[in-house]
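Participant: structure, please.
(chains A and B)
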Protein chains: 2
Amino acid sequence: MEEVSNKQLLLKNYVSGYPKESDMVLATSTIKLKLPEGSNGVLVKNLYLSCDPYMGPRMKNLNNGFFIEPFKLGSPITGNGICKVLKSGNPNFKEGDLVSGVTGWEQYSVIESTKYMSKIQNTDVPLSYYTGLLGMPGMTAYAGFFEVCSPKKGEYVFISAASGAVGQLVGQFAKLLGCYVVGSAGRNEKVDLLKNKFGFDEAFNYKEESDFDVALKRYFPEGIDIYFDNVGGKLLDAVLQNMRSHARISVCGMISQYNLEQTEGVHNLTNLVWKSARMVGFLVADYYHLYPKFLEYVMPYLKEGKIVYVEDIAEGLKSAPKALVGLFNGCNVGKQVVLVSSE
Amino acid sequence: MEEVSNKQLLLKNYVSGYPKESDMVLATSTIKLKLPEGSNGVLVKNLYLSCDPYMGPRMKNLNNGFFIEPFKLGSPITGNGICKVLKSGNPNFKEGDLVSGVTGWEQYSVIESTKYMSKIQNTDVPLSYYTGLLGMPGMTAYAGFFEVCSPKKGEYVFISAASGAVGQLVGQFAKLLGCYVVGSAGRNEKVDLLKNKFGFDEAFNYKEESDFDVALKRYFPEGIDIYFDNVGGKLLDAVLQNMRSHARISVCGMISQYNLEQTEGVHNLTNLVWKSARMVGFLVADYYHLYPKFLEYVMPYLKEGKIVYVEDIAEGLKSAPKALVGLFNGCNVGKQVVLVSSE
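Facilitator: I've put the predicted structure just below:
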């Protein structure tokens, strides 16, 4: 029975404040390329790993109602990934299948629960897209925009963290629908992408704005109909002051708040009443029944080049800590992926 | 042509912070009991005036997106009222009709715009109910609970300012639907009402709680499905920490915040994401098409005594400043009304 070396990225300690590379450690163990007797799971080789904002709170030992449990100390970090099946104890998967689902941050993983694992059918797009455009972030953008916001042609749409895995898609969806779309990001390189690659009407670098209220009034003199919130905090507070009547805020995430010891206070919530506005939090898990509808929507645009997708691919498991930490500091340009193995 | 004395309550100056009785002044003018030539309006005698929380922000000269303009300095305060028509230039109203609508805080008013005025058909309930149970607050409770929250039997419902004009009804509606209902109020007398008159399952005096999170965990060990928010601020923040998955917050008002120089910061909004929860602001004006449906729902319960309504009636226009100011300090027990004239 073949036993091979298995590099793993372990969580060393629970994080307080912003995660650091030193909170993780690269270790090497060995693994037998064989499933346990009677297993219904799969043994996979990990190809791509996805870095996602929700992983930040999982690195902390919180007891604050976060929707998913903390990572286990001393165990490999887990997250979405793209894998090749090496051994299968499950009739739905066979050797050689490419699958996407929750896996470990290591070279090889035994995955006992395949409930959320799916076989990749269409391989004429980059495989890594199944961590982004065609994966959880794509589905998040689709559900969070179309289902949560009920957008209409001509509406004024603002997106924060707009060049990220989700934001870049929301902006393109909104443009395809005929909305006026403005995005914010934290680097001029990203602002350029928003305007020149993703076709946003306007974009700005929030780090160059001293007053978000002034910035929003510049781009939305008539106010905002839809805010796709990826960041929370002060920018959300300024949006609340600049809403049109019946505005909708899709609360996808609040990445600016996840690593603060004390979250920022939001002061302008009374505007929800005056503007008959709503803030709707959502988890993409509630919307996966729409995945076929999403593919039907997105694939033709992708093939025609009317939707594009920018990824930031870090090479090798050893670069994974830097990639994950960088996500919380805005270092990534586009969807952050880690390439573990190209085959 | 008959000219009579007309006592009026004028706004003397714009308010900063909490309104004071001295911000208003009682004046006496005269009025000819006659409509201007060619008027389509009505001349009315005011019987009951309604004191409502939204009137607080109208006493301030704000430019902050509040949905309705400030009161005019030196003019009578305006608000909902119950009136008797003395003269009519409008075919929809005739002399002697009892009407509800926006009127002035004075004995007699000429109302040129009758767009939001309606004739009172059913006079076998107390007339004053048309400022509360059968008026704007009743419609607010109905729409804000049933339409905004989509409540289900057995859900866990929390209501703040629960003995007020709106809250007491939301609680009774929720109990009739079969929910578990807890209310908060600021005086023990009100807590007694909630438990013993309105049939809430539990109630507490928020002024006797040093930690709202602890208080909510006591009454909702399994969390809150629906929060009907009348107050905003710190209590809202604690609710955000105690929501069940897919919770709904109906933001009816945030009376605790209206008179602060700087509103309190709300820190726990990330829970909207983790709990797939929503906060929905609304204005009752969007729901008046449901008024007949509301009456159909509420009238049988009212007649059977299964819905009760507590009012706090101040007598005479001279008592109006105290009544209105008291609303922002929780002095009223039940719906605050001013009786100007009993006929």
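
Participant: now do the helices in the stretch 101-250 of chain A.
Facilitator: Using DSSP state H, counting those that start in this stretch, the helices of the stretch 101-250 of chain A run over A:136-142, A:148-149, A:167-177, A:188-196, A:212-219, A:233-240.

Participant: next up, the contacts around residue A:141.
Facilitator: A:166, A:167, A:169, A:170, A:173 (CB atoms under 8 Å, 6 or more residues apart in numbering or on different chains). (C-beta placed from N, C-alpha, C; glycine too.)

Participant: and the longest helix along chain A, what does it pack against?
Facilitator: As assigned by DSSP state H, the longest helix anywhere in chain A is helix A:291-303. Judged by 3 or more CB pairs under 8 Å, 6 or more residues apart in numbering or on different chains; DSSP states H and E, the packing partners of helix A:291-303 are helix A:136-142.

Participant: re the thing from before, any chance of JSON lines for the contacts of residue A:141, columns neighbour count, distance to chain B and pLDDT?
Facilitator: As requested, those are exported to JSON lines (neighbours: other CB atoms under 10 Å in any protein chain shown; distance: CB to the nearest CB, whole Å; pLDDT from 0 to 100):
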{"residue": "A:166", "neighbour count": "28", "distance to chain B": "12", "pLDDT": "97"}
{"residue": "A:167", "neighbour count": "27", "distance to chain B": "15", "pLDDT": "98"}
{"residue": "A:169", "neighbour count": "28", "distance to chain B": "18", "pLDDT": "98"}
{"residue": "A:170", "neighbour count": "31", "distance to chain B": "15", "pLDDT": "98"}
{"residue": "A:173", "neighbour count": "24", "distance to chain B": "20", "pLDDT": "98"}
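
Participant: which residues does the residue of the stretch 151-300 of chain A found nearest chain B contact?
Facilitator: Closest contact between the stretch 151-300 of chain A and chain B, by CB to the nearest CB, is at residue A:265 (1.5 Å). By CB under 8 Å, 6+ apart, the residues touching residue A:265 are B:264, B:265, B:266, B:267.

Participant: out of the residues you listed, who's the most crowded?
Facilitator: Among the contacts of residue A:265, the one with the most neighbours (other CB atoms under 10 Å in any protein chain shown) is residue B:266, at 23 neighbours.

Participant: and the nearest residue in space to residue A:9 that is not next to it in sequence, how many neighbours?
Facilitator: Spatial nearest neighbour of residue A:9, chain neighbours left out: residue A:105 (4.1 Å); criterion: CB to CB, 6 or more residues apart in numbering or on different chains. Using other CB under 10 Å, residue A:105 has 29 neighbouring residues.

Participant: would you map out the domains in chain A?
Facilitator: With domains defined by the TED database, chain A comprises A:3-132+A:310-339, A:136-285.

Participant: from these, which stretch is densest packed?
Facilitator: Of all the domains of chain A, domain A:136-285 has the most neighbours on average by mean count of other CB atoms under 10 Å in any protein chain shown, namely a mean of 21.

Participant: got the end-to-end distance for that one?
Facilitator: This stretch, domain A:136-285, spans 9 Å end to end (CA to CA, to the nearest Å).

Participant: now do it: distance to the chain's middle.
Facilitator: With CA atoms, centre = their mean, to the nearest Å as the basis, domain A:136-285 stands 15 Å off its chain's centre.

Participant: does residue A:295 really touch residue A:134, like I thought?
Facilitator: Yes - counting by CB atoms under 8 Å, residue A:295 does reach residue A:134; the two are 7.4 Å apart.

Participant: who's more crowded, those two?
Facilitator: With neighbours defined as other CB under 10 Å, residue A:295 and residue A:134 compare such that residue A:134 has more, 24 against 17.

Participant: separation between the closest residue to that one other than its chain neighbours and residue A:303?
Facilitator: Closest residue in space to residue A:134, ignoring its immediate chain neighbours: residue A:125 at 6.7 Å, by CB to CB, 6+ apart. Separation of residue A:125 from residue A:303 (CB to CB, to the nearest Å): 9 Å.

Participant: mind listing the strands for the stretch 201-343 of chain A?
Facilitator: A:202-205, A:224-229, A:243-251, A:278-281, A:311-315, A:335-339 (DSSP state E, counting those that start in this stretch).

Participant: partner residues bridging residue A:336?
Facilitator: Residue A:336 has these beta-bridge partners by DSSP bridges: residue A:312.

Participant: hang on, isn't it packed against residue A:314?
Facilitator: Yes - between residue A:336 and residue A:314 there is a contact under CB under 8 Å: 7.1 Å.

Participant: and chain A, which residues reach chain B?
Facilitator: A:64-67, A:232, A:236, A:241, A:243, A:251-254, A:257-258, A:262-283, A:286 (CB under 8 Å from any CB of the partner chain).

Participant: rewinding a little: got the angle between the longest helix of chain A and helix A:167-177?
Facilitator: Orientation check (axes from the mean of the first three to the mean of the last three CA atoms, to 10 degrees): helix A:291-303 against helix A:167-177 gives 80 degrees.

Participant: buried sites along helix A:291-303?
Facilitator: For helix A:291-303, burial by neighbour count (16 or more other CB atoms under 10 Å in any protein chain shown) applies to A:291, A:294, A:295, A:297, A:298, A:302.

Participant: could you pull up the mean pLDDT of stretch A:19-38?
Facilitator: Mean per-residue pLDDT for stretch A:19-38: 95.

Participant: the one residue in the stretch 1-150 of chain A that gets nearest to chain B: what's it in contact with?
Facilitator: The minimum distance from the stretch 1-150 of chain A to chain B, using CB to the nearest CB, falls at residue A:67 (4.2 Å). Shown in contact with residue A:67 (CB under 8 Å, 6+ apart): A:283, B:273, B:274, B:275.

Participant: just put those in CSV and tack on pLDDT.
Facilitator: Formatted as CSV, these follow (pLDDT from 0 to 100):
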residue, pLDDT
A:283, 94
B:273, 95
B:274, 94
B:275, 96
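
Participant: for those, which one is nearest residue B:101?
Facilitator: Residue B:101 has its nearest neighbour among the contacts of residue A:67 in residue B:275, at 40.7 Å by CB to CB.
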